[in-house]
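*Asks:* below: sequence and its predicted model.
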Amino acid sequence: VILAGSILDAAARLLELESPETNENGNNVTPSQIASSFVGAADYAVEVMSAHSQQVDISNTETLMSLCQHHLSSSSSVAKIVSKLTVDAILELDRQSGEEDCLPDLDNLHC
């Protein structure tokens, strides 16, 4: 939600830009150009992350905890609690799936 809000805010600022070379709507940038640029940026981000990613053994809870704490940018007790909850959730999803290295379908989660 935060990321979507930031993207929409950036798009709104782009649409409000004016320059001597405006389009038929009086804008410098069209919505389709913005959407196309965001798709290109997302593709590039995936490419960069893939180049720097590494496989993690899902059964190595110490590594998973360390990764979670690092990405929470803190070694505080809150980060440790959230990291443990995150790792426990990952392991439970993996256990329920019965598959090794299972990743959850984030578009199909039910409460």
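*Replies:* Thanks, I have the structure now.
*Asks:* hey, let's count contacts and neighbours off CA atoms from now on
*Replies:* Noted.
*Asks:* this structure: helices as residue ranges?
*Replies:* Ranges of helices in the chain, per DSSP state H, are 2-16, 31-52, 61-71, 77-97.
*Asks:* mind listing what's buried along the shortest one?
*Replies:* By neighbour count, and taking 16 or more other C-alpha atoms under 10 Å as the criterion, the buried residues in helix 61-71 are 61, 64, 65, 66, 68, 69.
*Asks:* could I get those as JSON lines with pLDDT?
*Replies:* Formatted as JSON lines, these follow (pLDDT from 0 to 100):
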{"residue": "61", "pLDDT": "85"}
{"residue": "64", "pLDDT": "84"}
{"residue": "65", "pLDDT": "84"}
{"residue": "66", "pLDDT": "84"}
{"residue": "68", "pLDDT": "80"}
{"residue": "69", "pLDDT": "78"}
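*Asks:* out of those, flag the one nearest to residue 44.
*Replies:* Nearest to residue 44 out of the buried residues of helix 61-71 is residue 68 (C-alpha to C-alpha; 23.8 Å).
*Asks:* that closest one touches residue 81, doesn't it?
*Replies:* No - in this structure residue 68 lies outside contact range of residue 81 using C-alpha atoms under 8 Å: 10.1 Å.
*Asks:* circling back to that earlier point, now the buried residues of helix 61-71 in a markdown table, with distance to residue 6?
*Replies:* Listed next are the buried residues of helix 61-71 as a markdown table, based on distance: C-alpha to C-alpha, whole Å:
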| residue | distance to residue 6 |
| --- | --- |
| 61 | 33 |
| 64 | 28 |
| 65 | 28 |
| 66 | 28 |
| 68 | 23 |
| 69 | 24 |
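*Asks:* so which of those residues comes closest to residue 29?
*Replies:* For the buried residues of helix 61-71, the nearest to residue 29 is residue 68 (38.5 Å; C-alpha to C-alpha).
*Asks:* how close does the residue nearest to the closest one when sequence neighbours are not counted sit to residue 30?
*Replies:* Take residue 68 and drop its neighbours on the chain: the residue closest to it by C-alpha to C-alpha, 6 or more residues apart in numbering is residue 83, 5.1 Å away. Distance from residue 83 to residue 30, counting by C-alpha to C-alpha, to the nearest Å: 42 Å.
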